[in-house]
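Enquirer: Here's my sequence, what's the structure:
(chains A and B)
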Amino acid sequence: MNSSFERHRNIVDFALSSLLRRKAKNLSLLAVYTLIVFVIASIIFFIHALKREAMLVLQNAPDMVVQRLAAGRNDPIPLGYQEKIAAIRGVSGVEPRLWGYYFDAAVGANYTLMASDKQQLEPESVIIGSGVARTRRLAEGDMMAFRAYNGEPTLFQVQSILPYASELVAADLIILSNRDFHALFNFPKGVATDFAVSVRNPRELTTIAAKIVRQFPDTRPILKREILRTYDSIFDWRGGMMIVVVAMAVLSFIIFAWDKATGLSAEERKEIGTLKSIGWETTDVLFLKFWEGSAISLSAFLCGVILAYCHVFFFSASLFEHALKGWAVLYPQFKLTPAVDPYQLAVLFFLTVIPYTVTTIVPSWRAATVEPDAAMRS
Amino acid sequence: MESGDGGTRCRHEVVSVIRLLHVTKSFNTGKSNQFTAVQDVSLEIESGRVTVLKGPSGSGKTTLLTLIGCMARPTSGRIMLRAIGSSALPGMEEADEVEITSLPERFLTGIRRTAFGFIFQHFNLVRGITVLENVMLPAYPTGEGRGAVHGRALKLLEIFNISRHAHSRVDLLSGGEIQRVAIARALINNPSVIIADEPTAHLDTKLSGEFMEIIGNFKAEGKTILIASHDPLVHDSALVDMVVEMRDGRIIQDGSGR
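Expert: Here you go, the predicted structure:
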């Protein structure tokens, strides 16, 4: 067998024996290291999977939403605009939407109310998201009270509850008929909250948006890709905030690792001297320390990543749920589809494994380059 | 003082395996705390003989051993090695003499690994690992097959009657057993020169006697032995061929030809 291979095999064997003889120290180091990788990997996995999930959901969003602005604020858009927008070349459909928010003082939650006649709802009945059902402890057939625009209580019957699969986007959703929507909010007739516009060729979106603005200067078209970008930024921001907090822990670990690595104990120095005196080259000693460092950092990386994977995809990131999902009374409950970005994993690898391995090698290199007569004098 | 002369060499039909020419070793050179541990030492150590460096603490014995054992370089002077084995230096013939003073570190490491077997005063075994691993350690970087090294290590442990402890941690052994492990380790790469620094300093009379018996066996095998010791059990032993007495870094008496 190749002598270079044998040499490395022998050194790796000795590196593992070396680690085992300082079990308590190395296991505690491994535990701290794993914890840090676990936290960072959890954030990375969670944010990536959430973004992917959100992007998939938003694929069904309209190509463009057209709102009306009055004094820089959203204002109901006249239905009279609908036909003129639909007549623009390239527009395949314009659908007026009625929706708004309702604050439920009883539980301190905000619901999204959406009017739709497609659901063929009975008068004074609603379909609710599973988050709403959970918060208000409602089942199908139960009555749900709303306070109308004039303060009058209005009762609605829960006709059905939206399926669990839609939880991520519909946890806080309440669907009611157009008539009930107008009655509840005293919403004026002949206007909609906004228009959902679909186009034949997505490449023409910008041109069509420009035409809409030219024709109706009081409108604001919002393109789907702008919505996607906003969501992307929100998730990145939330993950970034969490990473800033975790950075403190990482920094502490780096100080700890640096202290451990730079301060070779007298025993370790003596061992390096002994190894050199019995014929180990400086490179052999460095390989030994490299393998020791690699064994710790690679194990920590693998354990941390596997634990993070289980934590995020099997336990819905239960440990950091509140920090990652944001504050809300209505928490959506959902399981993420496993999705890992190899690029982010590679970045994590280079940020955790490489620095630690280097910090263990440098002081050993300093110790290994001195003459080995220290062993004779110890 | 030069120990060997032509007459000595002729009388014993041996050659000098190690030659020191005006070797001086100073520490902290140029600083206020500079001191010279070895001063102008010239010496010849003969092949297949037992040479003892004798002297009180601080006389420079250990420093001289480190210089000869390629663990440190002299401040001035030259050290020549002969017949240290062709594997130590590439392209070198078995009988060539080589000056080690100016050799790069990796060649010195090669010489340390193949030509010398070291037995340290405190034995310097690596704690926490097994006896067997300790004995195999010097062979790890040679790239020799693990099976061959393993077999040789077990054989050495058997010779020194400690094979039953092969898989025990060295921390659990007695003083005498630890010493025998250290000797086995020194022999794993089959060196031609054994260097021992105060080997009996921590041993009782019985164990010291056993150590000298082992030295006798090495001598019978033709190995060159260099010991630094101020123990009369060592330097007064009948096995010793030459006693070099040192004081304050200088050789004050050379007992060659005893």
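
Enquirer: Which element is encountered next along the chain beyond the strand ranked longest in chain A?
Expert: Ordering each strand of chain A by length in residues (DSSP state E) puts strand A:91-104 first. Note on strand A:91-104: by DSSP states H and E, the next helix or strand toward the C-terminus is strand A:109-115.

Enquirer: Please name the residues that touch the most centrally placed residue in chain B.
Expert: Geometric centre of chain B, nearest residue: residue B:195, 1.0 Å, by Cα atoms, centre = their mean. Going by Cβ atoms under 8 Å, 6 or more residues apart in numbering or on different chains, residue B:195 touches B:65, B:68-69, B:116-119, B:226-227. From N, CA and C alone the C-beta is placed, and that goes for glycine too.

Enquirer: and what of residue B:175?
Expert: Residues near residue B:175 by Cβ under 8 Å, 6+ apart: B:202-203, B:207.

Enquirer: near chain B, which residues of the stretch 251-378 of chain A show up?
Expert: The stretch 251-378 of chain A has residues A:267, A:270-271, A:273-282, A:284, A:371-373, A:375-378 near chain B, with proximity defined as Cβ under 8 Å from any Cβ of the partner chain.

Enquirer: can you give me the strands in the stretch 51-200 of chain B?
Expert: B:76-82, B:97-99, B:116-119, B:193-197 (DSSP state E, counting those that start in this stretch).

Enquirer: what stretches of chain B score poorly on pLDDT?
Expert: For chain B, the stretches with pLDDT under 70 are B:1-16, B:83-95, B:255-258.

Enquirer: go again using 80 as the cut-off
Expert: Scanning chain B for pLDDT under 80 picks out B:1-16, B:83-97, B:106, B:202-203, B:253-258.

Enquirer: can you give me how far the top helix by length along it is from the chain middle?
Expert: In chain B, taking DSSP state H as the definition, the longest helix is helix B:205-220. Here helix B:205-220 shows a centroid-to-chain-centroid distance of 15 Å under the convention Cα atoms, centre = their mean, to the nearest Å.

Enquirer: now that helix against strand B:193-197, angle please.
Expert: 160 degrees (axes from the mean of the first three to the mean of the last three Cα atoms, to 10 degrees).

Enquirer: Just the buried positions in helix B:205-220, please.
Expert: Buried positions in helix B:205-220, judged by neighbour count with 16 or more other Cβ atoms under 10 Å in any protein chain shown: B:207-208, B:210-212, B:214-215, B:218-219.

Enquirer: got JSON lines for those, with distance to residue B:60 too?
Expert: Converted to JSON lines, those look like this (distance: Cβ to Cβ, whole Å):
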{"residue": "B:207", "distance to residue B:60": "27"}
{"residue": "B:208", "distance to residue B:60": "23"}
{"residue": "B:210", "distance to residue B:60": "28"}
{"residue": "B:211", "distance to residue B:60": "23"}
{"residue": "B:212", "distance to residue B:60": "24"}
{"residue": "B:214", "distance to residue B:60": "26"}
{"residue": "B:215", "distance to residue B:60": "22"}
{"residue": "B:218", "distance to residue B:60": "25"}
{"residue": "B:219", "distance to residue B:60": "25"}
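
Enquirer: any idea of the mean pLDDT for stretch A:197-216?
Expert: What stretch A:197-216 shows for mean pLDDT is 92.

Enquirer: Please apply the same query to stretch A:87-96.
Expert: Averaging pLDDT residue by residue across stretch A:87-96 gives 93.
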